[in-house]
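A.B. asks: here you go, sequence then predicted model.
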Amino acid sequence: MLYKELYEDPFFNNFKNNEVKEKIANNTLKDENVIDIENIVLLSGLKLEATFGGPSGSLDCESNTIYYNVLEPEYRQRFTIAHELGHYLLGHKGIQLRSKDLTLYDDAEKKNNETQADSFAAECLMPKKLIIRILKKVLKERSLNHQAEFSEYELEQILFDIGKRIQVSKSAVRNRLENLGILRLSHGEK
C-alpha cells in the first residue's frame, strides 16, 4: 500500500518541498503495516545518528541530524525519530531533546513544541487509515465485535497486537485511538 493511500493531505502539507512530498507519497509500507520512518527522514534531507545513552533523542537543526538512543526499545526509537522529524518540519529551532524526564520542559513553548512533535509522530507512524485497518483485522482474528465492551485484559491484548504490527508501544496505540475518537475509556473499559 502506498503512503498516499494512508495519509491525508494535511500530513503531506508538513513537507514544504513538493519533490519530497511526492517521493514520500509513493513509498510503500514495510511488512504490510510498518511506516519506514528512517526513509522518510532521509527523504526529508536529514541525517540519522545513533547514540549510546543519554536522552531518547534530539534534533540538531544546524547539522540537520536526528540523534536517537539505540539502547532504548525499537518501538521507542521509531517514535523518537518521528518525534524529532516533527520538530524539524514544524520549524522548532535550536536543539530539541526528547526525554522521559518531563521536568526538562519547563516553559509553555517547550511543552507546546513537545505536544506538537508527539502528535506529528503519532500521525506519521499510525496514520488513521492504517490503524483502523489493523484494528479491524485484530478484532476479526480475536472474534470480537467492534461495538462490544472489552475487558481490560482484552483491551490490553488488542493494543499489544496493534502495537506489535505497527512497531509502536501499547501506550502509543492507546493514545492514538483515543485521540482519533475510536477508543473511549471509562474506568478501563471501552
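C.D. replies: Received it, and whenever you're ready, just let me know what you need. Quick caveat, the model's predicted, so the values are computed rather than measured.

A.B. asks: I figured residue 161 hits residue 138, correct?
C.D. replies: Yes. Using Cβ atoms under 8 Å, residue 161 is in contact with residue 138, at 4.6 Å. No exception for glycine: its C-beta is placed from N, CA and C like everyone else's.

A.B. asks: now residue 89. Nearest residue, chain neighbours left out?
C.D. replies: Closest residue in space to residue 89, ignoring its immediate chain neighbours: residue 14 at 4.5 Å, by Cβ to Cβ, 6 or more residues apart in numbering.

A.B. asks: since we're on that neighbour, how many residues are nearby?
C.D. replies: Other residues near residue 14 come to 18 when the count uses other Cβ atoms under 10 Å.

A.B. asks: got it, and residue 172?
C.D. replies: 24.

A.B. asks: same deal with residue 26?
C.D. replies: The tally of other residues near residue 26 (other Cβ under 10 Å) stands at 10.

A.B. asks: so what's the closest residue in space to it that isn't next to it in sequence up against?
C.D. replies: Distance criterion Cβ to Cβ, 6+ apart; nearest residue to residue 26, sequence neighbours excluded, is residue 2 at 6.0 Å. Each residue near residue 2 by Cβ atoms under 8 Å, 6 or more residues apart in numbering is listed here: 25-28.

A.B. asks: and the gap between residue 134 and residue 154?
C.D. replies: Between residue 134 and residue 154 the computed distance is 16 Å (Cβ to Cβ, to the nearest Å).

A.B. asks: who's more crowded, the two?
C.D. replies: More neighbours surround residue 134 than the other of residue 134 and residue 154, with 20 against 16 (other Cβ under 10 Å).

A.B. asks: before we move on, what SS does the more buried one have?
C.D. replies: Assigned with DSSP: H, G, I helix; E, B strand; the rest coil, residue 134 falls in the helix class.
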